[in-house]
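Colleague: could you look at this predicted model? Sequence included:
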Amino acid sequence: MEFESVTGRLREVRVISRPTADGRSSVTFRNFVIEMPFSKTVNLNIGALLAVETIKEGNYLILEVADYVPVHYGMINLDGTIPKEIRDQVMEEVSKSWHDGTSPETWIDVFAYPIGYLLTPSGFKKGYLPPLPGSTVRIMSKESFREFVCAKNGVDIGNVIGQDVHLTIDLSKALIYHIGVFAFTGSGKSNLTSVLVRRILNNTNAKVVIFDISMEYSVLLMDQLLKHKSEILTTERYSNNALDFSRKFIRTHVIPEELEGEIDRIKKSAEELFITGKVKTLYIPPAEQTNLTYGTLLELLKGQINDKYTAFAQKPLFSVMLKKLDILMRENKISKDSSIDDSLIPLLDEIEEEGKKAGLKDSSSIFSFISSLRSYLNLEEIEGDEYDIEKLAIDILDKEESSPRLFIFELHNLEEAREVVASLLEEVMSRRKRWFSSSPILFVLDEAQEFIPFDTRQRDKSELSSAAVEKLLRHGRKYHLHALISTQRLAYLNTNVLQQLHTYFISVLPRPYDRQLISETFGINDTLLERTLDLEVGQWLLVSFKASLPHDVPVFFSAPNNLNEVKEAFEKSGQGDTFGSK
Ligand SMILES: Nc1ncnc2c1ncn2[C@@H]1O[C@H](COP(=O)(O)OP(=O)(O)OP(=O)(O)O)[C@@H](O)[C@H]1O
C-alpha cells in the first residue's frame with residue numbers, strides 16, 4: 001500500500017445520532033476529525049481514502065473524506081462578543097497567513113468516516129477496530145486508490161473526481177443486483193442511463209428493454225439501435241412510408257440542444273430503422289379484454305366442485321381435472337398468472353375420455369366446460385397474427401445470437417404504459433420460469449415513481465405495474481432478469497424496493513428526506529451525502545453493496561457525455577462506416 005507524503009493526526013471521534021427519515025427510530029454515525037497541515041497543494045479531496053492506526057498492531061482503519069475545512073488558531077474563539085475592531089484586525093492577519101502558507105497556526109480539519117474496511121498485514125478485510133487518537137493518518141496514493149476502488153478488467157464509466165483515475169466497474173455483477181439512478185430533474189439521469197446501456201450492450205451479453213415514457217431514448221441511443229439487432233416498439237400505426245415515419249419521429253421525440261445540428265442525420269437514421277424493419281407496432285388488446293389465466297381456471301374448477309347444482313356424478317371428474325391441472329402447473333413451473341395455452345389440450349382430451357368411459361351424457365356440464373375452454377384456446381390462435389406482448393416476450397427471451405438485443409418501448413400514455421409494463425414483465429417472468437436460461441435481460445424503468453409509486457391506485461393501473469416491478473426486483477435475480485430504475489423523487493417511490501438494489505448512482509437530491517433515506521438504506525454518512533448537493537450536471541456518487549466494485553466504497557465521479565458518443569458515431573458513419581449495422 002502506498003501513501004502520499006503528507007500525514008495528519010486523528011484528533012477527535014464524534015458520534016452523531018438523528019431520527020430516521022420516517023421518524024420511527026434513530027441512526028448513529030461515527031465522524032472522525034483529523035488535523036492535516038495546511039497547504040494549497042495537498043492532494044486531498046472529498047472521497048479520498050485515509051488509513052489510521054488502530055488498537056490492534058499492524059491493523060489500519062480505512063476512512064473516507066467527507067469534508068475538509070481550513071482552520072486558523074486565531075479565529076477559534078472569534079465570535080460576536082469580541083469587539084468589532086479587534087475582530088477585523090484578527091481576520092486581516094488570518095487572511096494574510098493563508099497566502100504565505102507557513103503560519104504554524106493554520107491547519108486543515110478533515111472530517112472522515114469509517115467505510116467498514118481494515119488494512120491488515122494480510123490485505124484488506126471487512127471490519128472495524130477503534131483507531132488510536134493522536135496517531136498518524138495517511139492519505140492513500142492515487143495508485144493504491146485505483147487498486148482498492150476500481151474493478152480489475154472492469155468497464156470505464158467516467159473519471160473519479162479529484163483523483164485523475166478512470167472509474168472501472170464490474171458491469172455484469174452490477175446488473176445482477178439491480179441498479180438505481182437517483183437525481184433531481186436535469187442532473188443527467190437519462191445521460192447516465194444511456195451511457196450504462198451502451199456499455200452493457202457492448203461489454204456483456206445482456207439484452208436491454210427500455211420503457212420510455214419521455215420519448216428520448218431512441219435519439220440518445222440511435223447509433224446503438226442501428227449497430228445492434230434492435231426494435232423500437234410503439235402502439236402507433238404508421239403508413240408504409242419511411243419518409244413519413246422519419247418526419248413524425250423528429251416531431252414526437254426529444255432532440256437535445258446539442259444534437260440540433262444533427263437533425264438530418266437523425267432523420268436519415270430513423271428512415272434506416274424503419275426500412276430495416278426495426279420499428280414495430282405492438283397490438284395491445286382493449287383494457288376490458290382480459291386473458292383467462294391458470295389461476296382463474298383453478299378457481300372455476302373449485303367453484304364447480306363446491307357448487308351444489310353440479311351433478312353428483314360429475315364432481316369426482318372435476319376433482320380429477322383439478323388435481324391433474326395442479327400437476328401440470330407444477331411440472332411445467334406454470335404460475336397462476338400465466339394465460340392458459342395449448343399445454344392444456346392433452347389434459348382436456350384425457351378428462352373428456354374419462355367422462356365418456358364413465359358414461360356421462362354428451363350434454364353434461366363437464367363436456368360443455370371443456371368445449372368452451374377449447375373455443376377460447378382456438379380464439380387465441382386466430383388473434384395471434386399481430387405482434388403482441390406474448391410475441392415480444394418470446395423475442396426478448398430468444399437466446400439465438402441473431403435475435404434482437406435492444407428494445408425501446410415508446411409509451412405516451414401513462415396508464416397504458418403501466419399495463420404494458422405489468423403484462424410484459426409477467427409474461428417474461430412466467431416464461432423464464434418454464435424455460436430457464438441464464439442469459440441476462442435488463443429492464444430499464446425511467447421515471448420509476450410512475451410505475452412503482454408510494455401510493456398505488458387501482459384506477460390508474462399503478463397497482464398492476466407496482467406488483468410486477470416489485471416481483472422483478474425481489475425474484476428476478478434467480479432468473480437472470482434485472483432492473484435499472486431511475487427517479488427524481490425517492491419520496492414518491494415505493495421504498496420497499498430500495499433494499500433490492502445493490503448499485504446506486506446518486507446526484508443532486510435537494511430534499512433532505514431523499515438523502516436521508518439513502519444514507520439509512522446504505523449506512524452512508526450524512527456528511528458525505530450532503531456533498532452530493534455540490535455536484536454538477538453529469539457528476540455522480542456511486543454506492544455499491546457487493547456489486548459493481550471490489551470493495552464497498554462510495555465514489556464520486558464524472559460520467560461521460562452520452563451525446564458526444566452519439567455524435568462520434570454519426571461522424572464515423574458520415575465517413576462511410578455504417579455503425580456496423582445489423
Ligand atoms: N456527463 C455529462 N456531461 C455533459 N453533459 C451532460 C452530462 N450529463 C448530462 N448532461 C447534460 O445535461 C442535460 C440534462 O441531462 P439529462 O436529460 O440526462 O437529465 P435528466 O436528469 O434525465 O433530466 P430529466 O429528469 O428532466 O429527464 C442534457 O443537456 C445533457 O446533455
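Modeller: Structure's in. What do you need?
Colleague: and the helix or strand hosting V543, which strands flank it?
Modeller: In this assignment (DSSP states H and E), V543 forms part of strand 539-544. The sheet places strand 539-544 alongside strand 503-506 (antiparallel), strand 555-558 (antiparallel), with pairing taken from DSSP bridges.
Colleague: helix or strand right after the last one?
Modeller: Scanning forward in sequence from strand 555-558, with DSSP H and E defining helices and strands, the next element found is helix 562-574.
Colleague: then the first one?
Modeller: Going down the chain from strand 503-506, the next helix or strand is helix 512-522, by DSSP H and E.
Colleague: picking that back up, residues contacting the strand holding V543, please?
Modeller: With C-beta atoms under 8 Å, 6 or more residues apart in numbering as the contact definition, strand 539-544 has outside contacts at 158, 161, 167, 169, 174, 183, 188, 192, 502-507, 518, 522, 524, 528-529, 531-532, 535, 548-549, 552, 554-559. Placement of C-beta: from N, CA and C, glycine included.
Colleague: test my guess that V555 contacts V160.
Modeller: Yes - in this structure, V555 is within contact of V160 by C-beta atoms under 8 Å, at 5.9 Å.
Colleague: overlap of the contact sets of the two?
Modeller: Overlap between the neighbourhoods of V555 and V160 consists of 47, 149, 167, taking contacts as C-beta under 8 Å, 6+ apart.
Colleague: out of the residues you listed, which one sits closest to the ligand?
Modeller: Within the shared contacts of V555 and V160, proximity to the ligand (C-beta to the nearest ligand atom) peaks at L167, which comes in at 12.6 Å.
Colleague: regarding that closest one, what is its secondary structure?
Modeller: Using DSSP: H, G, I helix; E, B strand; the rest coil, the structure places L167 in strand.
Colleague: what sits against it?
Modeller: Going by C-beta under 8 Å, 6+ apart, L167 touches 149-150, 156-160, 542, 555, 557.
Colleague: so of those residues, which ones are in helices?
Modeller: Cross-referencing the contacts of L167 against helices under DSSP state H gives V149.
Colleague: mind putting the contacts of L167 in CSV, pLDDT included?
Modeller: Below are the contacts of L167 laid out as CSV (pLDDT from 0 to 100):
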residue, pLDDT
V149, 96
C150, 96
D156, 97
I157, 97
G158, 97
N159, 97
V160, 96
L542, 96
V555, 96
F557, 97
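Colleague: which among the contacts of L167 end up buried?
Modeller: With neighbours counted by 16 or more other C-beta atoms under 10 Å, the contacts of L167 contain buried members at 149-150, 157-160, 542, 555, 557.
Colleague: among those, which one lies nearest to K336?
Modeller: Distance ranking of the buried ones among the contacts of L167 against K336, using C-beta to C-beta, places L542 first at 39.0 Å.
Colleague: distance of that closest one from the ligand?
Modeller: When distance is defined by C-beta to the nearest ligand atom, to the nearest Å, L542 is 13 Å away from the ligand.
Colleague: beta partners for that residue?
Modeller: The residues paired with L542 through beta bridges, assigned by DSSP bridges, are F505, V555.
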